[in-house]
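S.K.: Just to be clear, the model below is a prediction. Sequence and coordinates:
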Amino acid sequence: MATEVIMPKVDMVMDAGTLVEWLKEEGERVEKGEPLFIILTDKANIEVESPASGILAGVRAQPGDEISVTEVIACIVEPGESLPVVAETRPVAASPVGEPTGAQMPPGPLAAAPAAAPSGAGGGKVRATPVARRLAAELGIDLPRVIGRGPRGRVHKADVLAFAERQEQKIARSGAAAVTVAPVPRVPLPNACRKETVPLAGPRRIIAERMVYSAFTAPHINLSLRVDMSEAARLRARLLEPLLAKTGQRLSFTAILARAVATVLPRHPYLNGSLDGERVILWDDVHLGIAMSVDDYLIVPVIREAQNRNLEQITVELGDLTERGRTRHLTPAEMAGSTFTISNLGMFGIESFTAIVNPPESAILAVGKIIDTPVGIVEGQVTVRPLMSLTICVDHRVVDGAAAARFLADLKDTLENPYLLI
């Protein structure tokens with residue numbers, strides 16, 4: 001009997017996933033539990049195992065397609081077995097060339113299903129995710145008119161967005177006077193040869209959506225100061241070899257900074273808070289996100305309950321998260337639920353910068369390079385100290401400027417007197 005291969009739901013908030021790569025060719029044999037394909041969620045790339053042993057057949061999704069969870073994307077069959085007749089699966093967001101037509105679907109029974117109907121066509125209650133309902137209400141869309149691509153016609157966020165885009169296109173084509181559709185501004189392209197055109201898709205599209213949401217909904221304020229890292233550098237030099245011998249991990253300035261933030265943050269609860277509608281949630285635990293770049297996109301693994309971890313524990317966990325992040329072996333759960341984020345670009349030579357708050361957090365710390373800097377003259381000699389720029393970027397709806405300044409001053413004092421962090 002054929003076994004359906006579906007887009008899995010790998011975390012509680014996932015509505016859809018992007019197919020990144022098939023690891024087996026159609027017609028190739030696969031064993032149960034063997035990696036079959038890779039998907040991208042809004043957290044990470046995930047390898048998905050085959051649900052059965054047999055021949056991969058009826059592949060109905062291609063790399064770049066965004067598919068609703070539980071949608072059938074292929075089947076595993078026995079040699080000589082026919083494919084089952086199932087409803088047509090269409091991506092909730094097609095790859096850059098546009099939405100696939102019937103001619104692009106695989107031939108045979110898989111492509112013979114009738115077109116989907118609006119979710120409310122049967123007169124019953126509309127099946128929709130909470131996110132889709134909220135978005136439809138915000139956009140003024142009559143939800144029963146939206147075609148749902150989820151299980152049993154369930155409407156997802158992508159379905160609402162696709163409906164809204166189609167309505168805008170209809171209005172633009174009809175030239176309706178009641179609504180003016182502003183064209184998307186485009187920068188004139190130079191008259192030169194293009195190396196390539198890269199679609200805004202996959203990880204970059206997810207990052208773009210989140211950052212636009214944060215930048216245009218959260219009023220940001222940014223405060224900066226410089227920290228004398230002389231004592232932190234001495235502490236690192238003294239502990240580097242002992243910790244390396246004990247744990248196999250090198251003590252980094254990021255680990256020292258993470259330990260300092262986790263120590264200071266409980267004294268400044270609004271910077272460890274989240275805006276939730278009409279209320280602000282102040283979290284007991286510090287779940288510390290550490291932003292890092294992997295293959296030109298951003299991931300933020302999380303050190304959980306960082307306020308309860310000593311410097312050695314943070315060094316070990318940070319090293320583990322960094323290594324598994326680089327090899328794409330982090331789970332979505334390990335990159336979800338942060339309450340505060342550190343973004344350190346000092347290793348790239350960046351002296352100072354501002355960052356965009358990672359929603360639903362209320363603050364992010366931007367860390368620059370440690371630079372030997374003249375700070376004064378003592379007995380005729382120029383005094384040089386290793387100074388590091390820290391910029392706290394906060395959501396002004398949650399955090400006032402004075403509260404952000406107090407946090408930054410407290411963090412500066414802790415880093416300049418770091419021995420209590422051991």
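M.R.: Cool, the structure landed. Numbers count the residues shown, from 1 in each chain.

S.K.: Let me see the domain layout of this structure.
M.R.: Using automatic domain parsing, the domain parsing of the chain gives 3-111, 207-421.

S.K.: By mean pLDDT, show me the worst of those domains.
M.R.: Sorting these by mean pLDDT places domain 3-111 lowest, at a mean of 74.

S.K.: Could you check how far the closest residue in space to His156 that isn't next to it in sequence is from Arg29?
M.R.: Nearest in space to His156, with sequence neighbours left out and distances taken as CB to CB, 6 or more residues apart in numbering, is Asp15 at 4.8 Å. (Each C-beta comes from the backbone N, C-alpha and C, glycine too.) Between Asp15 and Arg29 the computed distance is 32 Å (CB to CB, to the nearest Å).

S.K.: And the two? Which one has more around it.
M.R.: Set Asp15 next to Arg29 and count neighbours by other CB atoms under 10 Å: Asp15 wins out with 21 against 12.

S.K.: thinking that one is in contact with Arg154, fair?
M.R.: No - using CB atoms under 8 Å, Asp15 is not in contact with Arg154; the gap is 9.5 Å.

S.K.: okay, and the common contacts of those two?
M.R.: Contact criterion CB atoms under 8 Å, 6 or more residues apart in numbering; residues shared by Asp15 and Arg154: Ser68, Thr129.

S.K.: how about the strands in the stretch 251-400 of the chain?
M.R.: Secondary structure of the stretch 251-400 of the chain (DSSP state E, counting those that start in this stretch): strands located at 273-276, 279-282, 288-294, 297-299, 302-303, 340-344, 363-378, 381-395.

S.K.: Mean neighbour count for the ones you listed - can I get that in CSV?
M.R.: Shown next, in CSV, are the strands of the stretch 251-400 of the chain (neighbours: other CB atoms under 10 Å):
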stretch, mean neighbour count
strand 273-276, 16
strand 279-282, 12
strand 288-294, 21
strand 297-299, 18
strand 302-303, 22
strand 340-344, 23
strand 363-378, 17
strand 381-395, 19
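
S.K.: Next, format these as CSV and append distance to Glu165.
M.R.: CSV is the format used below for the strands of the stretch 251-400 of the chain (distance: least, CB to CB, whole Å):
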stretch, distance to Glu165
strand 273-276, 28
strand 279-282, 33
strand 288-294, 31
strand 297-299, 25
strand 302-303, 34
strand 340-344, 32
strand 363-378, 31
strand 381-395, 29
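
S.K.: Count the residues that sit near Ala137.
M.R.: 11.

S.K.: Spell out which residues sit in contact with it, please.
M.R.: No residues are in contact with Ala137 under the rule CB under 8 Å, 6+ apart.

S.K.: Over to Ala74?
M.R.: For Ala74, the contact set (CB under 8 Å, 6+ apart) comprises Glu4, Val5, Glu26, Leu56, Ala57, Gly58, Val59, Arg60, Ala61.

S.K.: From Val398, how far out is the spatially closest residue to Thr315 that is not a sequence neighbour?
M.R.: Nearest non-adjacent residue to Thr315, counting by CB to CB, 6+ apart: Ala255, 4.6 Å away. The gap separating Ala255 from Val398 is 27 Å, by CB to CB.
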